[in-house]
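> next come a sequence and a model predicted from it.
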Amino acid sequence: MLTKIQQVRIIIQDNEVGFYWLSDEEIQFFLNRAEDNVDTAAIAAAKSVVFKLAQRGSASVDIFSIRGDRTAEQYA
């Protein structure tokens, strides 16, 4: 059985070990605010991820380029 934090991670696709967008504590905060409702917490967590991604700038190194604004669009 998955914990509620794991359930939220799966719903918002934040399940790449070592590359989490949100900490367990942040997800627990959303669960506490949602009175342990996983779906409601997942919506709040996903909004937080989109906000974090939208705040990223763009960077280029040699032939590689990262566009934070486009990452947020693709996640949403």
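Right, received. Where do you want to start?

> in contact with the residue nearest to the spatial centre of the chain, which residues?
Nearest residue to the geometric centre of the chain (Cα atoms, centre = their mean): residue 49, 3.6 Å. Counting by Cβ atoms under 8 Å, 6 or more residues apart in numbering, residue 49 makes contact with 12, 14, 21-22, 75. C-beta: built from backbone N, CA, C; applies to glycine.

> tell me the pLDDT of it.
On pLDDT, residue 49 comes in at 89.

> what's the separation between it and residue 42?
With distances taken as Cβ to Cβ, to the nearest Å, residue 49 is found 10 Å from residue 42.

> any residues in contact with both of these two?
Applying Cβ under 8 Å, 6+ apart, one finds that residue 49 and residue 42 are jointly contacted by residue 12.

> any regions of this structure where pLDDT drops low?
The model of the chain has pLDDT under 70 over residues 56-76.

> where do the helices sit along it?
For the chain, applying DSSP state H gives helices covering 4-12, 24-33, 38-55, 68-75.

> please work out which of the ones you listed is packed deepest.
helix 4-12 (a mean of 19; mean count of other Cβ atoms under 10 Å).
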